[in-house]
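Asks: The sequence and its predicted three-dimensional model are supplied below.
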Amino acid sequence: MKMLQEIAKIDEYVSRRLYSHRFSEKTDRWLRRYTRLGDGYVWGVIVLWILWSMGWKPLLGVLLQVFPSLVMSLALYWLVKLSVKRRRPFEVIAEFQARVPPLDKYSFPSGHTMNNLAIATTLLLSVPAAGLVMMALPLSWGFLRVYFGVHWLSDVVGGFLLGIVSFVLGHWIWVVGLSPLVSGYL
């Protein structure tokens, strides 16, 4: 329990520091738009890039590898989110407002970090040229959501760890279960 109290103190300190720092309105507007890419929009662009640069067959292989990780991530996400029910910073700290809209009610874990990282880690293995950039995106979206008052730092760290777990479980499902079934077709 003491460790959770220490984490809460660190979370509040980091949140207050980030929230109190403001960029120009123009920069903030751009950062809000950039953060919204973490709602899933960027993956459409990546799919089109893979299709254009590699063709439909490699794209299908990538999508089949991503699917189990994404399913694991979404399942873990909702299980943890609805079990923990952590309030968001703007609900706890009176002077905070949500500067970007939260996509759901609870704070832990950061789905922008978790779900996107599960996908990005799979891309790192499947399409190394896109993977490294894609690994940085979920973390930047998570930290920006701390800046905008809708997540705590530990939500982002938890989302990162659970995103990696989701990838590992999804990759295992792919290697053991799905890959042998479709290997003759790809």
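Replies: Done, it's in. Residues are numbered from 1 along each chain as shown.
Asks: element containing the residue nearest the centre of the chain?
Replies: Residue closest to the mean C-alpha point of the chain, counted by C-alpha atoms, centre = their mean, is residue 113 at 2.1 Å. Taking DSSP states H and E as the definition, one finds residue 113 inside helix 111-126.
Asks: by how many degrees do the top helix by length along the chain and helix 111-126 diverge?
Replies: The helix that spans the most residues within the chain, counting by DSSP state H, is helix 56-84. Helix 56-84 and helix 111-126 meet at an angle of 150 degrees, taking axes from the mean of the first three to the mean of the last three C-alpha atoms, to 10 degrees as the criterion.
Asks: ok now helix 56-84, how far from the chain's centre?
Replies: Relative to the centre of its chain, helix 56-84 is centred 11 Å away, using C-alpha atoms, centre = their mean, to the nearest Å.
Asks: could you say what helices and strands it packs with?
Replies: Contacting helix 56-84 under the criterion 3 or more C-beta pairs under 8 Å, 6 or more residues apart in numbering; DSSP states H and E are the following elements: helix 41-54, helix 111-126, helix 153-173. C-betas here are computed from N, CA, C, even on glycine.
Asks: What is the burial count for residue 129?
Replies: The number of residues packed around residue 129, counting by other C-beta atoms under 10 Å, is 13.
Asks: what about it, which SS state?
Replies: Three-state call for residue 129 (DSSP: H, G, I helix; E, B strand; the rest coil): helix.
Asks: picking up where we left off before, ok, which of the helices and strands packed on helix 56-84 comes nearest residue 79?
Replies: Residue 79 sits nearest to helix 153-173 of all these, at 9.9 Å, using C-beta to C-beta.
Asks: Average pLDDT for the closest one, rounded please.
Replies: Average pLDDT, helix 153-173: 93.
Asks: before we move on, what about stretch 7-19?
Replies: Stretch 7-19 shows a mean pLDDT of 93.
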